[in-house]
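> The amino acid sequence is not available; the structure is as follows:
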């Protein structure tokens, strides 16, 4: 069951050839945490501040099972 992964701003540079319109489709055969997913798609976990799964905020330890939409966001600065 595939996951749809969408990355925000500076996170888009990590996976090679990332398309911001399509995102990444990632097939999972077993349960995987958001943290494990990030490691597999080469995104440093320390660069992620917000995780959204199907529109709800989740921790990095959240277990993904497939057929989910995952949004990853870096810390946002400003002032």
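Cool, got the structure. Values in this document were obtained by computation on a predicted structure and should not be read as measured data.

> and residue 38, what element?
Assessed by DSSP states H and E, residue 38 sits inside helix 34-40.

> Rounded mean pLDDT for the helix or strand following that helix, please.
Scanning forward in sequence from helix 34-40 by DSSP H and E, the next helix or strand is strand 50-53. Throughout strand 50-53, pLDDT has a mean value of 98.

> Now do the end-to-end distance for stretch 43-52.
The straight-line separation of the ends of stretch 43-52 (C-alpha to C-alpha, to the nearest Å) is 15 Å.

> Report the beta-bridge partners for the residue most central in space within the chain.
Using C-alpha atoms, centre = their mean, the residue of the chain that lies closest to the mean C-alpha position is residue 72, 4.3 Å off. Bridge pairing for residue 72 (DSSP bridges) gives the partners residue 7, residue 51.

> how about the lowest-mean-pLDDT helix or strand in the chain: buried residues?
Least confident helix or strand, the chain: strand 24-27 with a mean of 93, by mean pLDDT, DSSP states H and E. Within strand 24-27, the residues scored as buried using 16 or more other C-beta atoms under 10 Å are 24, 26. Yep, even glycine has a C-beta here, placed from its N, CA and C like the rest.
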